[in-house]
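1. The following comprises the amino acid sequence and a computationally predicted model.
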Amino acid sequence: MPFVSRTFIKSGMVYFVLSLVAGLLLEIEQFSFPALMPLFWHMLMLGWITQIIIGVSVWMFPGRNKEEGFWNQKWNWGTFIFLNIGLALRVVAEPMISGQSAEVWKILIVISSVLHMLAGITYLIEIWPRVMSKKAQRKKRKRQRNRS
Amino acid sequence: MIRISLLYLLVGMVSGAIMLVNKAYVIHPSVWALLPIHIEVVIFGWVIQLTLGTAYWMLPRFLEQPQRGNPQLAIGMVVALNLGILVIIADILLSVSWGLGLLGRILELSAVVLFVILHWDRIVSYRASTT
């Protein structure tokens, strides 16, 4: 399993635990606050489910670049960095957002939104060309052989 | 199905990002109307559709042709699921009582039934028993 996939899956597991902790806190009135509900759902669906899907798909889908290293896996690492920093910023800033909240939290929320979108775009750039039939894979391999 | 699910992921992330920004800086009060669309797109369009598409690709194939079962049923599954999602989104956007929500859920249910019909017999092992 490539390093980037292991990183995605392990980070996903951390969010899985965190999301269930948030779910637990939601049930305890003293610890529950309004922003906890969206955090619970996003840590579960984005932090865990989406992250494990991305980690496994970049590993298992055909046409993987087997070379390790940041530049060889730049789109995957881009997705990982954007998604995790975006989600972490959201987890920190969303509870601080209210009518009178400081400007910095609002700016962090906007940065988080942009990072989420960048994560989606970089993942699409990596995985879109790798969703192909056996026939297309054979054609691609033939083209690569002819080139080399 | 996998490529359509990737497009839904992008739509889900963009709609989510707009709502998140709206929390910090109010863009328009009606932005919150995107929430049920965001949920539908992310759960059915992204996660469920990717799961169905990957299962269709990866589960053990039949030994005889067609190896993934009746292709017309598979096309029916894709069409029903995506039509269902779009009908439900239309129901949310139009907010009219034409029973579009019910129609959308019926289409999604049909897609899932087709998925089960197509894949039930593919959940097998072709390895000889070692017991």
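-> In hand now; what should we look at? Numbers count the residues shown, from 1 in each chain, chains lettered A, B, ... in the order given.

2. before we move on, which element is the residue lying closest to B:M13 once chain neighbours are set aside in?
-> Excluding its sequence neighbours, the residue lying closest to B:M13 (CB to CB, 6 or more residues apart in numbering or on different chains) is A:G120, at 4.0 Å. Any C-beta I mention is one placed from the backbone N, CA and C, and that applies to glycine too. Under the criterion of DSSP states H and E, A:G120 resides in helix A:103-127.

3. so the residue sitting nearest the centre point of chain A is in which element?
-> When CA atoms, centre = their mean is applied to chain A, the residue found nearest the centroid is A:L83 (4.0 Å). Assessed by DSSP H and E, A:L83 sits inside helix A:74-93.

4. Endpoints of stretch A:41-48, how far apart?
-> Start-to-end span of stretch A:41-48 (CA to CA, to the nearest Å) is 10 Å.

5. One more: stretch A:30-50?
-> For stretch A:30-50, the first-to-last residue distance is 30 Å (CA to CA).

6. wait, does it contact chain B?
-> Yes - Stretch A:30-50 is in contact with chain B by CB under 8 Å from any CB of the partner chain, via A:M45, A:I49, A:T50.

7. Spell out which parts of chain B neighbour chain A.
-> So chain B meets chain A at B:2-3, B:6, B:9-10, B:13-14, B:16-18, B:20-21, B:23-25, B:42-43, B:46-47, B:50 (CB under 8 Å from any CB).

8. re the thing from before, could you save the residues of stretch A:30-50 next to chain B as a markdown table and add columns showing secondary structure and distance to A:M1?
-> Converted to a markdown table, these look like this (DSSP: H, G, I helix; E, B strand; the rest coil; distance: CB to CB, whole Å):
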| residue | secondary structure | distance to A:M1 |
| --- | --- | --- |
| A:M45 | helix | 23 |
| A:I49 | helix | 19 |
| A:T50 | helix | 18 |
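
9. filter the residues of chain B next to chain A to the buried ones?
-> B:2, B:6, B:9-10, B:13-14, B:16-18, B:20-21, B:23-24, B:42-43, B:46-47, B:50 (16 or more other CB atoms under 10 Å in any protein chain shown).
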